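>>> Would you be able to build a 3D model of this:
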Amino acid sequence: MRIGIDLGGTKIAGIAIGDDDSVLAVARVPTPRGDYGGSISAMAAMVIELADRAGTSDYSVGIGMPGSISPITGKVQNANSTWINDQHFQSDLETALNCKVRLANDANCLAVSEAYDGAGQGAASVFGVILGTGCGGGLVVNGTAVSGHHSIGGEWGHNPLPWAKGSECPGPQCWCGRTGCLETWLSGPALSIDHHAWTGTKLPAEQIGFNAGAGDADAIATLTRHLDRCGRGLAHVINIFDPEIIVLGGGLSGLHGLVERLPGAIAPYVFADAVDIRVEAARHGPESGVRGAARLWSQ
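Presented below is the predicted three-dimensional model:
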């Protein structure tokens, strides 16, 4: 049996998958935000719960996480769940669970899942995007995640917004210490901030999307700006990686018209004489990342 855990900014999700790919058990709890020890304990408890519910003690454990493990220091780097940064995350988890675990960036896990049996099944290269509390990306080539020399392969959200316009310079301050990162333009909190800046009204991203679907002009304008920025950012990815398909996951992937309109928003910035851009929503929806984490031992 394979157990996958997805450590998110607001929730921890878990899944147990049998050797026939059947889902044996699922679990979900709030993330103990700001509490490193509490996060370790919650994940360890979830693994034990999933194993008990599936009725087996023979299992592997894969963890999808924000950021990654630095191959130089062995500690967590670049996590927007900042309380796990600079921690010996893997060894602490293995001590708590008394077993080996494999870890990967959460966007890599989404890309692995969607390449295996999701929207990117059969594609030679898949770029998976998470648009949610943060903004990340993961690249899978021939079924295997490309983590890179520094374990930052596909780390899309902390590149600057390309082809920035006058009002977008230098861009918002990012938690990483830089300005104008894609995460500061494309994440859920960023969408809310942008809407407030233009309208004076504070709304969560989900409400903005709902309002746009109902025809609200201000919400439609906010989503139009977001679409344009997302198109520019993903064109940059195509110009570097040229993936066969882009798969969108995370809470914002269901924004009104985003998936359908993205190919047209990307196309003007792609360095090719003709473009054929595939963009699809993650087939497994919010379970995609945790399913990919469970498959890390197959990589």
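
>>> Identify each buried residue in stretch 194-202, please.
Using 16 or more other CB atoms under 10 Å as the test for burial, stretch 194-202 gives 194-195, 199. C-betas here are computed from N, CA, C, even on glycine.

>>> Just list the residues touching Gly122, thanks.
For Gly122, no contacting residues are found, by CB atoms under 8 Å, 6 or more residues apart in numbering.

>>> what about Phe127, helix or strand, and which?
strand 125-131 (DSSP states H and E).

>>> export the helix or strand following that strand as PDB, just CAs?
Counting by DSSP H and E, the next helix or strand C-terminal to strand 125-131 is strand 135-141. Provided in PDB are the C-alpha atoms of strand 135-141 (Å, rounded to 0.1, in the frame of the first residue of the first chain):
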ATOM      1  CA  CYS A 135       2.000  29.700  -6.700                       C
ATOM      2  CA  GLY A 136       4.200  26.800  -7.700                       C
ATOM      3  CA  GLY A 137       5.100  24.600 -10.600                       C
ATOM      4  CA  GLY A 138       6.500  21.100 -11.300                       C
ATOM      5  CA  LEU A 139       7.900  19.500 -14.500                       C
ATOM      6  CA  VAL A 140       7.500  15.800 -15.300                       C
ATOM      7  CA  VAL A 141       9.400  14.400 -18.300                       C
END
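
>>> bridging residues for Gln77?
Using DSSP bridges, the bridge partners assigned to Gln77 are Ser68.

>>> Next, the contact list for the residue most central in space within the chain, please.
Nearest residue to the geometric centre of the chain (CA atoms, centre = their mean): Ile130, 3.0 Å. Ile130 makes contacts with 106-107, 110, 136-137, 249-250, 289, as judged by CB under 8 Å, 6+ apart.

>>> Report the two of those residues separated the most.
Across these, the longest distance by CB to CB is 12.6 Å; it joins Gly137 and Gly289.

>>> Looking at these two, which is more packed in?
Ranked by neighbour count (other CB atoms under 10 Å), Gly137 and Gly289 place Gly289 first, with 37 against 27.

>>> for Pro30, phi and psi?
Backbone dihedrals for Pro30, given as degrees, to the nearest 10, come out at phi -70, psi 150.

>>> Without its sequence neighbours, what residue ends up closest to it?
Closest residue to Pro30 apart from its sequence neighbours, by CB to CB, 6 or more residues apart in numbering: Lys11 at 5.9 Å.

>>> Run a quick neighbour tally on Asp86.
Using other CB under 10 Å, Asp86 has 14 other residues around it.

>>> Tell me if I'm right that it and Gly74 touch.
No: with contacts counted by CB atoms under 8 Å, Asp86 stays clear of Gly74, the gap being 10.6 Å.

>>> quick one, helices of the chain?
36-54, 89-97, 106-117, 183-186, 188-199, 205-213, 217-240, 258-266, 288-294 (DSSP state H).

>>> buried residues in the second one?
Neighbour counts using 16+ other CB under 10 Å place 89-90, 92-93, 96-97 of helix 89-97 among the buried residues.

>>> Just the pLDDT for the closest residue to His195 other than its chain neighbours.
With CB to CB, 6+ apart as the criterion, His195 has its nearest non-adjacent residue at 4.4 Å, and that residue is Thr222. pLDDT, Thr222: 98.

>>> Let me see the contact set for Thr222.
Counting by CB under 8 Å, 6+ apart, Thr222 makes contact with 191, 194-195, 198-199, 208, 212.

>>> List the contacts of the closest residue to Leu255 other than its chain neighbours.
Of all residues not flanking Leu255 in the chain, Gly209 sits nearest, at 4.6 Å (CB to CB, 6+ apart). Counting by CB under 8 Å, 6+ apart, Gly209 touches 219, 223, 252, 254-256.
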